[in-house]
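*Asks:* pasting the structure only:
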């Protein structure tokens, strides 16, 4: 894997859609699809999108021997640099403890920078998105004073990292219609849920009837998210051209490896990348985003597929010094 740090600023527009699914349920609203209450537009959080990117990185890192990655990169070098810090059901303090063990240092102020550098080098999501790693208690070694050992604590403090890759909330192009569906199941969870007056031929209790449940879906919605990549933060964390290639691959393919009953038909539809010639950039990001227009072809009928929309790029409004890469 090459070690060349990126030197160009990037912005990107990311379009993805959902059909008869729930792209990002809101636990504070009974898992209904997230919406803007004032406009009715659907929302997908940046955290949700980053989770899918992290899962794709793990999938790429753990390809079976002989498996061919979807991006042109040396997989022999990928695993040490593609660990994931924020894992599902993970304990962050344990990951931070690994850094101090790797640099062979006890928690101390002098070891923080070295541990921070190790985390950036080995954890892709730290190197890409940044992380707050000032948590995770570790007891001091003080065998002569048990009270001090119990009460006095140090932190597995790997510092704070501001990542070069930042992604905003995704917002649907049109207001969404969130539907609630009643569902039933024939098998019950607990013996106490059975109809005790009903028994089978062997005298065992059996379920007299099923249970009711709810499922939330959006018939169809096209979402738009904006992203930014800063070369200045990239030099701080070590974000390379290979990381960038893997990021584009993740955005293009991550939904194909995230199917579930509630997200059966989610697809990446378009990735529009703006590359600046310089590190500071050659145009304001909002002008680049404004050059991408997504409009419904027929406003008289509700959208039900990506073909109901038209995506146009006003390339004439894009200032010189910015190149456009349209994918998908």
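*Replies:* Arrived safely. Please read these numbers as outputs of a predicted model, since none were measured by experiment.
*Asks:* Would you map out the domains in this protein?
*Replies:* 1-53+169-182+215-328, 183-214 (automatic domain parsing).
*Asks:* which one of these has the lowest average pLDDT?
*Replies:* Sorting those by mean pLDDT places domain 183-214 lowest, at a mean of 66.
*Asks:* Tell me where the stretch 151-300 of the chain has strands.
*Replies:* 153-155, 159-162, 165-167, 170-175, 179-185, 195-199, 205-206, 211-229, 266-276, 292-296 (DSSP state E, counting those that start in this stretch).
*Asks:* Out of those strands, flag the one nearest residue 53.
*Replies:* Across the strands of the stretch 151-300 of the chain, residue 53 has its closest neighbour in strand 165-167 (8.4 Å, C-beta to C-beta). For every residue, glycine as well, the C-beta is placed using N, CA and C.
*Asks:* just to revisit the earlier point, dump the strands of the stretch 151-300 of the chain to a markdown table, plus distance to residue 114 and mean neighbour count.
*Replies:* Listed next are these as a markdown table, based on distance: least, C-beta to C-beta, whole Å; neighbours: other C-beta atoms under 10 Å:
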| stretch | distance to residue 114 | mean neighbour count |
| --- | --- | --- |
| strand 153-155 | 15 | 14 |
| strand 159-162 | 10 | 16 |
| strand 165-167 | 24 | 21 |
| strand 170-175 | 37 | 20 |
| strand 179-185 | 52 | 10 |
| strand 195-199 | 64 | 11 |
| strand 205-206 | 62 | 13 |
| strand 211-229 | 26 | 18 |
| strand 266-276 | 33 | 19 |
| strand 292-296 | 43 | 15 |
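*Asks:* Can I get those in JSON lines including distance to residue 60?
*Replies:* Shown next, in JSON lines, are these (distance: least, C-beta to C-beta, whole Å):
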{"stretch": "strand 153-155", "distance to residue 60": "32"}
{"stretch": "strand 159-162", "distance to residue 60": "22"}
{"stretch": "strand 165-167", "distance to residue 60": "16"}
{"stretch": "strand 170-175", "distance to residue 60": "23"}
{"stretch": "strand 179-185", "distance to residue 60": "35"}
{"stretch": "strand 195-199", "distance to residue 60": "50"}
{"stretch": "strand 205-206", "distance to residue 60": "47"}
{"stretch": "strand 211-229", "distance to residue 60": "19"}
{"stretch": "strand 266-276", "distance to residue 60": "16"}
{"stretch": "strand 292-296", "distance to residue 60": "28"}
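*Asks:* For the protein, which segments are assigned as helices?
*Replies:* 46-61, 78-81, 92-102, 109-122, 124-129, 146-151, 231-237, 241-253, 285-290 (DSSP state H).
*Asks:* outside of the fifth one, which residues touch it?
*Replies:* Okay, so that is helix 124-129. 50, 53-54, 57, 81-86, 119-121, 131, 133, 161, 163-166, 237-239, 243, 246-247 (C-beta atoms under 8 Å, 6 or more residues apart in numbering).
*Asks:* Compare the strands of the stretch 151-300 of the chain and report which one is nearest to residue 108.
*Replies:* strand 153-155 (7.3 Å).
*Asks:* Let me see the mean pLDDT of the closest one.
*Replies:* 62.
*Asks:* swap in stretch 100-110?
*Replies:* 81.
*Asks:* Report the distance from it to the chain centre.
*Replies:* 30 Å (C-alpha atoms, centre = their mean, to the nearest Å).
*Asks:* How about stretch 275-291?
*Replies:* 24 Å.
*Asks:* tell me which residues in it are buried?
*Replies:* 275-276, 281-283, 285, 288, 291 (16 or more other C-beta atoms under 10 Å).
*Asks:* What lies in contact with it?
*Replies:* 7-11, 13, 226, 228, 231-232, 274, 313-315, 317-325.
*Asks:* Can you say which of those residues are buried?
*Replies:* 8-11, 13, 226, 228, 231, 274, 313, 318, 322.
*Asks:* Rebuild those as CSV, extending it with distance to residue 213.
*Replies:* Shown next, in CSV, are these (distance: C-beta to C-beta, whole Å):
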residue, distance to residue 213
8, 50
9, 48
10, 44
11, 42
13, 37
226, 36
228, 40
231, 49
274, 45
313, 44
318, 49
322, 50
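*Asks:* That's all I had, so thanks and see you.
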